[in-house]
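Enquirer: Next comes the sequence, and after it the predicted model I'd like to discuss.
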Amino acid sequence: MSKIWRRDKGERGAILVMSTVGVVLAVVAAALAVDLGTLAQERRRDQKVADLAALDAIRHPVGEWNARANESAARNGFPSGPGYSVTAVEGIKNASGACEASPGLGKVCVTVISPHKNNFVPGNATIVARAVAGPKAEAGFKMGSSLASASIDDATNLPILNRVFGRFLAGPTGQANVLSYKGLADVGMTWGQLQSQLGFGTLNELMNANLTMGQLLTATGTILNNQGTAAAISAYNDIVRLQSTTTSTATFKLGEMLTVAQGSEDKAAAGTVNVFELITGSAELANKNTFIDAGAFVDIPVNLGPLGNHTLSTKLGLKVIEGPKWYYGPVNGTVIKTSQMEVTLTPHLDIDFTAPLYNILSLLSIIGNSNLQIVGDFPIKFTAAGALGTLEAIRCSNPNQGITVGVTSLPITTTASGNLSIALSTVLNILTGDIKVNVNIDEETSAQNIPGGPYHPEFAWSSDFTPPDPDGQTMPGAPVGVTLNQGNVTTTVGAAGLTELVGLLTGRLRLDGSGSVEAAILDPILNRVMNEVVAKYLTTPVLKALGVAVGPVDVWAPAEWFDPASCGQPGLLG
């Protein structure tokens with residue numbers, strides 16, 4: 001026979017207690033939600049009142065701002081009475097968010113205060129809303145570096161560009177697969193198109209996202225293919241070839257390339273970016289902590305004066321290089337910095353000549369005609385910080401509409417070091433035979449502590465904006481020094497008793513009692529090597545195409561980032 005289960009008498013009424021507690025909690029939560037919702041609604045109302053009051057006030061003379069702000073608030077339904085107030089001052093918000101008076105600034109800061117009484121939860125609150133209005137002006141500029149004017153699709157440069165970007169995109173042994181970069185340089189897209197294609201809701205999200213080169217190339221290719229023009233299709237084919245060799249998974253943020261003031265994202269998204277600059281700049285950002293050794297790929301002819309003409313096989317190394325940078329927004333002191341980099345050039349010296357050595361006074365009769373051989377690598381490293389730029393002024397009034405940019409080019413330092421083996425065969429009055437000297441040289445140039453500028457290039461609307469002017473303006477760079485100082489030299493001499501000769505070669509021996517150092521044989525040789533390598537290599541279009549700053553600074557004013565119709569019109573500033 002089955003048993004009938006009965007609930008224990010001790011559990012009777014438990015559901016009623018739990019239900020009662022639940023109902024009480026639900027009522028409290030509902031009351032809290034009503035009060036919080038009402039508070040949020042009143043805050044939105046007060047902020048709208050403050051915004052409209054600021055916009056209304058700024059259209060009148062300064063002395064009328066407070067009265068006009070109160071009239072605007074009343075018109076828009078803001079209550080009057082105890083605890084309610086509207087005040088307007090000439091000034092802006094300070095660091096704590098309060099309005100701070102600043103006579104002569106030309107901006108109005110409105111403060112709206114209202115009391116809030118909770119309906120259910122005990123306690124009251126005070127609502128404070130603020131708004132700043134003034135003549136609104138926004139514009140943008142692009143800043144990069146230059147070395148020489150040349151076409152980036154010059155056939156002699158393609159192997160170098162392919163080798164460098166092959167290593168950027170596919171690692172130490174990579175080789176890019178682009179027949180010409182001109183297609184990429186001839187087309188552009190907007191930042192907004194890139195944002196949409198990559199699936200980001202705002203430009204700010206795009207700038208802060210971690211992207212790979214594969215993602216960027218895919219999105220760029222799709223945008224170009226959709227444009228459908230002959231130039232876009234040519235560039236699309238270049239993108240496809242780049243994709244076939246891109247294996248790097250290194251990430252980068254476009255926010256390191258583009259700086260946009262808060263609240264200006266929508267307008268900035270309409271700005272155009274050149275596809276070549278976008279791809280190369282992104283590749284450089286992705287590899288900014290990597291030293292790229294592009295290998296020995298260029299022979300540089302060097303004229304060593306009395307020592308004759310020699311061809312030096314030279315390697316290129318790059319580290320921490322950046323392409324051009326963009327800024328869009330108001331005049332607010334924001335500074336952008338471009339082209340931090342290291343460029344290392346390593347010419348291989350293999351100099352063998354027979355000639356009278358330099359006329360070194362008393363030693364000339366001792367040395368006579370000699371055969372001198374210098375063998376070894378002599379790396380020359382340039383470290384540069386590029387330039388600093390800021391939007392200094394936006395001119396809204398005709399006929400002087402335009403912008404002014406502040407540019408300071410930063411100092412460049414140069415070091416050179418290497419291990420050189422020097423063999424000298426000569427007939428001496430006191431010694432005969434071959435003399436071998438191994439010299440370890442660590443040289444530094446004179447300190448370059450004086451930056452170039454500041455410069456203040458002005459761009460007049462619309463002739464100086466790009467387009468129609470594609471070249472922008474060029475500001476002088478900081479000085480580049482390549483003169484050797486006396487550094488640390490360690491010598492190992494293959495025969496004894498040759499102190500005078502070692503000093504003659506290296507210039508580190510005081511040859512007379514006056515305390516002066518005689519002119520050395522090696523220093524003029526290395527000076528010529530440094531100067532000619534710099535002149536013939538660093539001024540090629542290769543590094544210009546990479547955006548490396550070892551020279552002047554280029555500044556552009558994008559036309560799509562300046563609206564003469566709205567420039568200076570009243571608007572909310574915060």
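Expert: Arrived safely, thanks for sending. Residues are numbered from 1 along each chain as shown.

Enquirer: Which parts of the stretch 301-450 of the chain are strands?
Expert: Per DSSP state E, counting those that start in this stretch, the stretch 301-450 of the chain carries strands over the ranges 309-319, 325-329, 335-338, 341-356, 369-377, 380-384, 387-395, 402-409, 412-427, 432-444.

Enquirer: Test my guess that Asn274 contacts Gly183.
Expert: No - at 11.7 Å, Asn274 and Gly183 do not qualify as touching, with contact defined as Cβ atoms under 8 Å. For every residue, glycine as well, the C-beta is placed using N, CA and C.

Enquirer: Show me which of those two is the more surrounded one.
Expert: Gly183 (24 against 18; other Cβ atoms under 10 Å).

Enquirer: Output the contacting helices and strands for the strand or helix carrying that one.
Expert: Gly183 belongs to helix 182-185 when assigned by DSSP states H and E. Packing partners of helix 182-185 (3 or more Cβ pairs under 8 Å, 6 or more residues apart in numbering; DSSP states H and E): helix 230-245, helix 275-286.

Enquirer: quick revisit: mean pLDDT lowest where, among the strands of the stretch 301-450 of the chain?
Expert: Ranked by mean pLDDT, those bottom out at strand 432-444, with a mean of 47.

Enquirer: The helix or strand following that strand - which strands sit beside it in the sheet, and in what orientation?
Expert: On the C-terminal side of strand 432-444, the closest following helix or strand by DSSP H and E is strand 452-455. Sheet pairing for strand 452-455, assigned by DSSP bridges, gives strand 402-409 (antiparallel).

Enquirer: Show residues contacting the partner strand.
Expert: 139, 141, 143, 386-395, 451-461, 464-465, 475-478, 549, 552-553, 555, 557, 562 (Cβ atoms under 8 Å, 6 or more residues apart in numbering).

Enquirer: Try it again at 7 Å.
Expert: Residues outside strand 402-409 that contact it (Cβ atoms under 7 Å, 6 or more residues apart in numbering): 139, 141, 143, 387-395, 451-461, 464, 475-478, 553, 555, 557, 562.

Enquirer: Which among the residues you listed count as buried?
Expert: Among these, those buried by neighbour count (16 or more other Cβ atoms under 10 Å) are 139, 141, 143, 387-392, 394-395, 451-453, 455, 457, 459, 461, 464, 475, 477-478, 553, 555, 557, 562.

Enquirer: Next, count neighbours for the closest residue to Leu203 other than its chain neighbours.
Expert: Among residues not flanking Leu203 along the chain, Glu265 sits closest, at 4.2 Å (Cβ to Cβ, 6 or more residues apart in numbering). When neighbours are defined as other Cβ under 10 Å, Glu265 has 20 of them.

Enquirer: ditto for Ala50
Expert: Around Ala50 there are 28 residues (other Cβ under 10 Å).

Enquirer: Return the residues in contact with it.
Expert: Val110, Val112, Ala129, Arg130, Ala131.

Enquirer: let's go with 8 Å and repeat that
Expert: Contacts of Ala50 were listed using Cβ under 8 Å, 6+ apart, and they are Val110, Thr111, Val112, Ala129, Arg130, Ala131.

Enquirer: The last one - that's part of a strand, no?
Expert: Yes - if the criterion is DSSP: H, G, I helix; E, B strand; the rest coil, then Ala131 is within a strand.

Enquirer: my guess is it contacts Ala57, does it?
Expert: No - judged on Cβ under 8 Å, Ala131 makes no contact with Ala57 at a distance of 9.8 Å.

Enquirer: what residues are shared contacts of the two?
Expert: Val110.

Enquirer: C-alpha coordinates for stretch 189-197, CSV please?
Expert: The C-alpha trace of stretch 189-197 is given here as CSV (Å, rounded to 0.1, in the frame of the first residue of the first chain):
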residue,chain,number,x,y,z
MET,A,189,40.1,56.8,-49.7
THR,A,190,38.5,58.5,-46.8
TRP,A,191,39.0,57.4,-43.2
GLY,A,192,35.3,56.9,-43.0
GLN,A,193,35.3,54.4,-45.9
LEU,A,194,38.0,52.4,-44.0
GLN,A,195,36.1,52.6,-40.8
SER,A,196,32.9,51.3,-42.5
GLN,A,197,34.7,48.5,-44.4
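
Enquirer: List the buried residues for it?
Expert: Neighbour-count burial for stretch 189-197, counted by 16+ other Cβ under 10 Å, picks out Met189, Thr190, Trp191, Gly192, Gln193, Leu194, Gln195, Gln197.

Enquirer: which outside residues touch it?
Expert: The contact list for stretch 189-197 (Cβ under 8 Å, 6+ apart) reads 202-203, 205-206, 219-220, 222-224, 227, 258, 268-273, 275, 278.

Enquirer: Mind doing that once more with 6 Å?
Expert: Applying Cβ atoms under 6 Å, 6 or more residues apart in numbering, the contact partners of stretch 189-197 are Leu203, Leu206, Ala219, Thr222, Ile223, Ala269, Ala270, Gly271, Thr272.

Enquirer: Of the residues you listed, grab the buried ones for PyMOL.
Expert: PyMOL command restricting these to the buried ones, with burial defined by 16+ other Cβ under 10 Å:
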select buried, resi 203+206+219+223+269+270+271+272
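
Enquirer: with the contacts of stretch 189-197 in mind, which one is nearest to Asp46?
Expert: Here the nearest of these to Asp46, counting by Cβ to Cβ, is Leu203; it sits at 29.3 Å.

Enquirer: Quick one: residues contacting the closest one.
Expert: Counted by Cβ under 6 Å, 6+ apart, Leu203 has contacts Gln195, Glu265, Ala269.

Enquirer: give me that answer again for 8 Å
Expert: Leu203 makes contact with Trp191, Gly192, Gln195, Val260, Glu265, Asp266, Ala268, Ala269 under the criterion Cβ under 8 Å, 6+ apart.

Enquirer: per-residue confidence for the last one?
Expert: The reference is to Ala269. Per-residue pLDDT puts Ala269 at 92.

Enquirer: ditto for the first one
Expert: Reported pLDDT at Trp191 in the predicted model: 94.

Enquirer: same thing with the fifth one?
Expert: At Glu265 the predicted local distance difference test score is 89.

Enquirer: Give me the distance between it and Glu138.
Expert: Glu265 is 11 Å from Glu138, where distance means Cβ to Cβ, to the nearest Å.

Enquirer: ok, now Gly97?
Expert: Counting by Cβ to Cβ, the gap from Gly97 to Glu138 is 22 Å.

Enquirer: Which one of those two is surrounded by more residues?
Expert: Taking other Cβ under 10 Å, Gly97 and Glu138 do not tie; Glu138 has more neighbours (22 against 10).
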